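> structure for the following, please:
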Amino acid sequence: EGSNKSCVLVSRLIDHKASIIDLIVAPDHEYFISGDILGVLKIWESKRLEIDVTGEPCLSVNLGSPIKSICMMKDRHCFAVSKEDGSVDIFRVDFVSTLENFKLKVYPTTSITLLKHYKVGSNDQYASNLRFSLIRNKPYLFMVTPTSKIIGVDIRNMKEVYNLQNNIVHGSIQSLYVDEMQTWAVAGTNKGVIDLWDLEAGLCVKSTKFKHSSYGITRMVEVSNVLSSSKNNEKFVCFVGGTGDSDVIIWDVERAQPRIVLCSSSKKSFSTIELYSVCEVNDEIEDSILDLYINKKHVESDNGCTSVAYSSFDNSSKQGKILAAQHNRKIIEWDLSNFEDSRVVVDVRGKDGHVGDYPVYSETQVNSMLTFVHERYISAKNKDTTASNRIGNGPKVVSKAPCESISSLTYLQVPYKMVVCGDQSGAINIYR
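Numbering: from 1, shown residues only. Have a look, this model is predicted:
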């Protein structure tokens, strides 16, 4: 799946009638689940995608309230879903492949069974950013609320164990990552503040933000084996947002600073150390940093990525790949093992004047703690032999790119590696 591979639109699913909130994949990748803002949840069989390109879901359920977040439990066919009415439910999926059972006279069907239920307090409205985590061999479900609380529930009895109030001056929490094996969490707010929490102590131990921008940290995912030289105790998360530009930040959790910045050609500003310099946010800081107002102009000027996903493809020897959806509906796959092998998955050509040009990726190590990776387009007429060998024929123009801004991304590995993206029109596109 190198950069010389063209991407093909395998299937376009248009069963949803409203914006996709989340896409999650089963542990064995035999199916994936989608949910929209109308409260409709659907389960799709992976192996049917090529056979039935417009597709019908195995199961479609109206949950009765707008969906806020969906999360899959690791190595289990169970998922959690939160809704606007304040409920958080855990379901078991009993998946039945229609392909394997089509010869049977009686068709067994895919179903879901409610296992656990939790209700967020009325003052906290609803839960979002659901995350399963195993802390000291105890299974938890973490969530955030519009009141900037981080809540952790023991899923064995659905009792609340963690209830942490993030500083409301930092803004409302838009993204959350809870470490699988440790006892810390990272929260990103709509004012661009990144808060590090010690869950055991119940304390926010560090708060940081980019000095020169205050855009929201919209999505955050786990990344592992980021650097071949990284130590086992080094922890990283990947997020989009914070700068207002089309870049992806790989964040060093302990040092609270960016370690790698992945910059697309859509980026408006030139990458400098100063642009990505950070400052600590504390009670003593000057009012100008905390006095951050979010107005219409601020939101409209945000050209940040709209979604991000990561996968190591069960290969611990490699660094894995990051998918990032740009604000212009372009999707880039960043290869962390070799940045030069990164590629464009979907490109709405002509919009940025790249018709006939080819993307190349180059790495610049600014210092021992910061690396920039840039995407640039070179003319087909001027490309050298080395670039020609690396990029082949370049990615083709995908005629059926997402219609609206991409709201969710994920990888699917059955029947082969594919990219799944859901957009704000409700369409789900699958690319190979």
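
> all strands for the stretch 51-200 of the chain, in order.
Using DSSP state E, counting those that start in this stretch, the strands of the stretch 51-200 of the chain run over residues 59-62, 67-72, 78-83, 87-94, 111-119, 128-135, 138-144, 149-154, 159-165, 173-178, 184-189, 194-198.

> need those strands in JSON lines with mean neighbour count and mean pLDDT, can you?
From N, CA and C alone the C-beta is placed, and that goes for glycine too. Listed next are the strands of the stretch 51-200 of the chain as JSON lines, based on neighbours: other Cβ atoms under 10 Å; pLDDT from 0 to 100:
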{"stretch": "strand 59-62", "mean neighbour count": "14", "mean pLDDT": "96"}
{"stretch": "strand 67-72", "mean neighbour count": "22", "mean pLDDT": "98"}
{"stretch": "strand 78-83", "mean neighbour count": "24", "mean pLDDT": "98"}
{"stretch": "strand 87-94", "mean neighbour count": "19", "mean pLDDT": "98"}
{"stretch": "strand 111-119", "mean neighbour count": "14", "mean pLDDT": "97"}
{"stretch": "strand 128-135", "mean neighbour count": "21", "mean pLDDT": "94"}
{"stretch": "strand 138-144", "mean neighbour count": "22", "mean pLDDT": "96"}
{"stretch": "strand 149-154", "mean neighbour count": "21", "mean pLDDT": "97"}
{"stretch": "strand 159-165", "mean neighbour count": "15", "mean pLDDT": "96"}
{"stretch": "strand 173-178", "mean neighbour count": "24", "mean pLDDT": "96"}
{"stretch": "strand 184-189", "mean neighbour count": "25", "mean pLDDT": "96"}
{"stretch": "strand 194-198", "mean neighbour count": "22", "mean pLDDT": "96"}
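
> adding distance to Asn303, write the ones you listed out as CSV.
Conversion of the strands of the stretch 51-200 of the chain to CSV gives the following (distance: least, Cβ to Cβ, whole Å):
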stretch, distance to Asn303
strand 59-62, 35
strand 67-72, 25
strand 78-83, 29
strand 87-94, 33
strand 111-119, 37
strand 128-135, 23
strand 138-144, 25
strand 149-154, 29
strand 159-165, 32
strand 173-178, 17
strand 184-189, 17
strand 194-198, 20
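
> what count of nearby residues applies to the nearest residue to His212 once chain neighbours are set aside?
Excluding the flanking residues, the one nearest His212 by Cβ to Cβ, 6 or more residues apart in numbering is Leu275, at 6.4 Å. Residues contacting Leu275 under the criterion other Cβ atoms under 10 Å number 16.

> returning to what we had before: figure out which of the strands of the stretch 51-200 of the chain is closest to Val344.
Nearest to Val344 among those is strand 173-178 (24.8 Å), distances taken as Cβ to Cβ.

> how about the closest one as PDB, C-alpha atoms only?
Only the C-alpha atoms of strand 173-178 are listed here, as PDB (Å, rounded to 0.1, in the frame of the first residue of the first chain):
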ATOM      1  CA  ILE A 173     -13.600  19.600  26.300                       C
ATOM      2  CA  GLN A 174     -13.800  18.500  22.700                       C
ATOM      3  CA  SER A 175     -11.400  15.500  22.700                       C
ATOM      4  CA  LEU A 176     -10.200  13.000  25.200                       C
ATOM      5  CA  TYR A 177      -7.600  10.200  25.400                       C
ATOM      6  CA  VAL A 178      -7.200   7.900  28.300                       C
END
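
> how close does the residue nearest to His212 sit to Lys267?
Leu275 is 10 Å from Lys267, where distance means Cβ to Cβ, to the nearest Å.

> which residues of this protein fall in helices?
287-290, 296-300, 385-391 (DSSP state H).
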